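Undergrad: Sequence plus the predicted model coming up.
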Amino acid sequence: MTKQVLCAIELNDEARDVTKIAAHIAEQHGAELTLMHVVPPMWQPYADLNFTPVVEAQVALEEDLLASTRDSLEKLAEKAGVKATNTLITKGDPVHTIAAQAADLDDVLIVMGVHNRSGLQRLLGSTAHGVLNNTECPILLVHADEHAAAAYNNVVVAVDTSKSLPIVLKSAGPFVKAAKKHQVISVVQSLAATMGGLQTSAFATSWPMTDMQEDLVKAVKATVGEELQKADINDANFLVIEGDPAHEICACAKEAGSDLIIMGSGQRNIIDRVLLGSTAHGVLNHTPCDVLIAR
């Protein structure tokens, strides 16, 4: 179970909704919530030139900025029911500061807002993307401007048969139990598609290839089904889909009207790539809803 929820926010229009979601999750898990904002460092002058007046002005501006930021954050925390002692304002590079703070906490879930831009612009170059690549902690990425409520009532859990399977299901458990509806899916790529262009050849539909594909699907169903029982998650809503993982996960969530996708990341070997692979970025760039990257 999550013991700490670290909500890293920008002080923008989305901050209130992101904070509400983080506070709801903390309450649901019985976890401690910390609200965090990182102020990036201001311009630094060349060391060999005398910029004393500029530096003095910069220090004054930073102090004013920190003071106003602290006031804004405390007001935001009050509305979300967060104690003032659990708010943190610090200067530094946002990506590394958030990652370092998360590393100091036990069993932490990072909650961050992301902007709903199209395509690769959604995450690439953003703080959320940087934190995703610089920490092994689970991260919930929230599209706050699409939220009508803080609770997740319709959840899609995307799994494979890698070592991350029990981790994803463990993270998904509380969300599934609290949701009104859930769907567990595992996406299996066509074996022919992973073998250098065989998908369009006659071999792709030949007897050994179709048997191998069927055996793969059966193995996935058996492995995931066993882990679902261990995690006490109803396997009646478990479905194996053949196709492109990122596309199928997003399509399933969109068709079901889901408000949260839960999935793992970091699979590296070839078998994992056949089953699900490194599809986290593909899902994040095209998702119709929030995404929890379980780790």
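TA: Cool, got the structure. For clarity, every value in this text was computed on a predicted model and none was experimentally measured.
Undergrad: In the stretch 101-250 of the chain, mark out all the helices, start to finish.
TA: Per DSSP state H, counting those that start in this stretch, the stretch 101-250 of the chain carries helices over the ranges 127-134, 165-178, 207-230, 245-256.
Undergrad: With distance to His286 as added columns, please give these in JSON lines.
TA: Yep, even glycine has a C-beta here, placed from its N, CA and C like the rest. As requested, the helices of the stretch 101-250 of the chain are arranged in JSON lines below (distance: least, C-beta to C-beta, whole Å):
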{"stretch": "helix 127-134", "distance to His286": "14"}
{"stretch": "helix 165-178", "distance to His286": "20"}
{"stretch": "helix 207-230", "distance to His286": "23"}
{"stretch": "helix 245-256", "distance to His286": "5"}
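Undergrad: Out of the ones you listed, which gets nearest to Thr2?
TA: If you check each of the helices of the stretch 101-250 of the chain against Thr2 by C-beta to C-beta, helix 165-178 wins as the nearest, at 8.0 Å.
Undergrad: Mind listing what's buried along that closest one?
TA: For helix 165-178, a neighbour-count test (16 or more other C-beta atoms under 10 Å) marks Leu165, Val168, Leu169, Ser171, Ala172, Gly173, Phe175, Val176, Ala178 as buried.
Undergrad: ditto for stretch 70-85
TA: Arg70, Leu73, Leu76, Ala77, Ala80, Val82.
Undergrad: Could you export it as CSV, CA atoms only?
TA: Presented in CSV, the C-alpha positions along stretch 70-85 are these (Å, rounded to 0.1, in the frame of the first residue of the first chain):
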residue,chain,number,x,y,z
ARG,A,70,4.2,29.8,-0.1
ASP,A,71,1.1,31.9,0.5
SER,A,72,-0.5,30.4,-2.7
LEU,A,73,0.4,26.9,-1.8
GLU,A,74,-0.9,27.1,1.7
LYS,A,75,-4.2,28.5,0.4
LEU,A,76,-4.4,25.6,-2.0
ALA,A,77,-3.5,23.1,0.7
GLU,A,78,-6.2,24.5,3.0
LYS,A,79,-8.8,24.0,0.3
ALA,A,80,-7.6,20.4,-0.2
GLY,A,81,-7.4,19.6,3.5
VAL,A,82,-3.6,19.3,3.6
LYS,A,83,-1.9,20.4,6.8
ALA,A,84,0.5,23.3,6.4
THR,A,85,3.4,21.1,7.7
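Undergrad: re the thing from before, from the buried residues of stretch 70-85, which is closest to Thr19?
TA: Ala80 (4.4 Å).
Undergrad: Model confidence at Ile262, what's the number?
TA: Here, the pLDDT recorded for Ile262 equals 96.
Undergrad: sorry, that was for Gln189
TA: 80.
Undergrad: Look up how far Arg70 lies from it.
TA: Shown here: Gln189 relative to Arg70, a distance of 50 Å by C-beta to C-beta, to the nearest Å.
Undergrad: mind listing what Lys221 touches?
TA: Ser186, Phe238, Val240 (C-beta atoms under 8 Å, 6 or more residues apart in numbering).
Undergrad: Same question for Ala246.
TA: Contact criterion C-beta under 8 Å, 6+ apart gives Thr279, Gly282, Val283, His286 as the residues in contact with Ala246.
Undergrad: thinking again about what came up before, can you list which of the contacts of Lys221 are found in strands?
TA: For the contacts of Lys221, membership in strands holds for Ser186, Phe238, Val240, with DSSP state E as the criterion.
Undergrad: so what's the first one bridging to?
TA: Beta-bridge pairing of Ser186 under DSSP bridges involves Val240.
Undergrad: Next, the contact list for it, please.
TA: Ser186 makes contact with 158-161, 220-221, 224, 238-241, 275-276, according to C-beta under 8 Å, 6+ apart.
Undergrad: Report the buried residues of stretch 136-147.
TA: Buried residues in stretch 136-147, counting neighbours by 16+ other C-beta under 10 Å, are found at Cys137, Pro138, Ile139, Leu140, Leu141, Val142, His143, Ala144, His147.
Undergrad: The residue nearest to Leu169 when sequence neighbours are not counted and Asn154, how far apart?
TA: If you skip the residues right next to it in sequence, Leu169 has Ala231 as its closest partner in space, 3.9 Å away by C-beta to C-beta, 6 or more residues apart in numbering. Separation of Ala231 from Asn154 (C-beta to C-beta) stands at 19 Å.
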